[in-house]
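>>> My questions concern the predicted model and sequence given below.
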Amino acid sequence: MAKSGERFLYASVQQQPEEKVSAFKVHLALITTQCLFGAGSIVGRLGLHGMNPVVFALIREGFAGPILCAFAYFVDKEIPKITHFLMFFVPGMCLFSNQLFFLVGEKLSSATEASAWQPSQPVMTAFITICLGMEEADLQKILGILFATGGALFIVLYGASFSGNSPVSEFAGHICFFLNCLGTALYVIVTKRWTLRVYPSATVTGYSYITATFGMLATALLINNWDSSFHFVCSDCENGRWYVPPESYWAIAYWIIGNSCCAYFFMTWANQHADATIVMAYSVLQPVTSIILSQILIHLGAVNECVDDADTSKCLHGLKMADLGAIGIAIGLFFVIRSDVIKRRNNKSLDRGSKDSMNYVGDSAHENVSDRNSNELIL
């Protein structure tokens, strides 16, 4: 059944040739991705006060899509066929849902609950890919995900204060966070299973962002045309629905270049060369990156340290006991990287073995022809 489905999907397309890339480059790209994402949360806290979050997401996607498409054409000299629209529409909707449900969920619940949900992404990815037969249930990989997820949850939840919203609002917020994390996991899975087999990573990222832009544009128009929805999404937007504060320009520029163009490109590129679960396992590095960057900025005196968790001014949190969860993250990533290295080594051994067997068959066939010729001469 799976084979017939794949024949249907790829009957009219030419698949990308498989490129051998070193494990070091793949893991470096994934570490860089999560460092950029982690820094993005610091930039957002310092530079995006008083701005409509849906308008912010629209600007981010609206600029990142064309930039990535121009880069893709410069590198790959390729424009997708119109008949392959679904190959970019589906991952684009995954990106759109990821960002939209995060914004809505944070308003319904709190930033603490939003952070607590993010480590579920590798767990969701592992469950889906194993069920689809895309990956095998490797013991070291599963152990690594559990250790890293536990460490990230400890950082987020230990000593945290939760919102006092109504139970209905809290439940709706958690549904949104579930869909947010599922959107990210599905983006990685769909592009690996489908789009990346046909198009290069830069093309996939750029045109997926273009699709997500149209979804966010429709959402921004709907939300900003209804008073109740606008005040719900942005209660502190005092200067208008489409207003962009000048002090937010640098933060928006970072999110466009750093988070959207660079981070998503690196993640999509790495997704071509590693298991989807490995790609998402690195998401647990985000809180660690934020902790390190916050501590550096506080130590340099560039930013004030927050008084407590309820402090909403332009400040950053210093080191806490909860940051010991980074130990669990380090142990988990060790197991995840080790699992990937072992898999690559086994694949290399299998390739070498199959090549040797093919050479042996070729040599045997040549010897048989030589024996036959010599027998004919004797006769």
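That came in fine, so what should we check first?
>>> distance of the nearest residue to G325 once chain neighbours are set aside from L324?
With sequence-adjacent residues excluded and distances taken as CB to CB, 6 or more residues apart in numbering, G325 is closest to F154, at 3.4 Å. For the C-beta atoms, the positions are set from N, CA and C on the backbone; glycine is no exception. F154 sits 7 Å away from L324, going by CB to CB, to the nearest Å.
>>> what's in contact with whichever strand or helix holds the residue nearest to G325?
Element membership of F154 [criterion: DSSP states H and E] is helix 139-157. The contact list for helix 139-157 (CB atoms under 8 Å, 6 or more residues apart in numbering) reads 112, 115-116, 118-120, 122-123, 126, 275, 277-278, 281, 284, 286-288, 291, 322-340, 342.
>>> Compare F154 and L324 (neighbour count), which wins?
The residue with more neighbours, out of F154 and L324, is F154; 20 against 13, by other CB atoms under 10 Å.
>>> coming back round to it: check what pLDDT the residue nearest to G325 gets.
At F154, the pLDDT value in this model is 86.
>>> same check, this time on N375
On pLDDT, N375 comes in at 49.
>>> Same check on D311?
60.
>>> The one 10 residues further on now?
pLDDT recorded at M321 is 82.
>>> Neighbours of it, how many?
M321 - counted by other CB under 10 Å - has 9 other residues nearby.
>>> distance of it from T125?
Taken as CB to CB, the span from M321 to T125 is 30 Å.
>>> can you tell me the helix or strand for the residue lying closest to P91 once chain neighbours are set aside?
Leaving aside its sequence neighbours, P91 sits nearest to S208 (CB to CB, 6+ apart; 4.4 Å). Per DSSP H and E, S208 falls inside helix 201-224.
>>> Please pull up the helix or strand immediately following that helix.
Counting by DSSP H and E, the next helix or strand C-terminal to helix 201-224 is helix 227-233.
>>> buried residues in that following helix?
230, 233 (16 or more other CB atoms under 10 Å).
>>> Packing partners of that helix?
Other helices and strands packing on helix 227-233, by 3 or more CB pairs under 8 Å, 6 or more residues apart in numbering; DSSP states H and E, are helix 85-108, helix 201-224.
>>> from memory F71 sits against A202, does it?
Yes: applying CB atoms under 8 Å, one finds F71 in contact with A202, separated by 5.7 Å.
>>> neighbour-wise, which of the two wins?
Counted by other CB under 10 Å, F71 and A202 do not tie: A202 has more neighbours, with 22 against 16.
>>> Quick check: the more buried one touching L68?
Yes: A202 is within contact range of L68, at 6.5 Å (criterion: CB under 8 Å).
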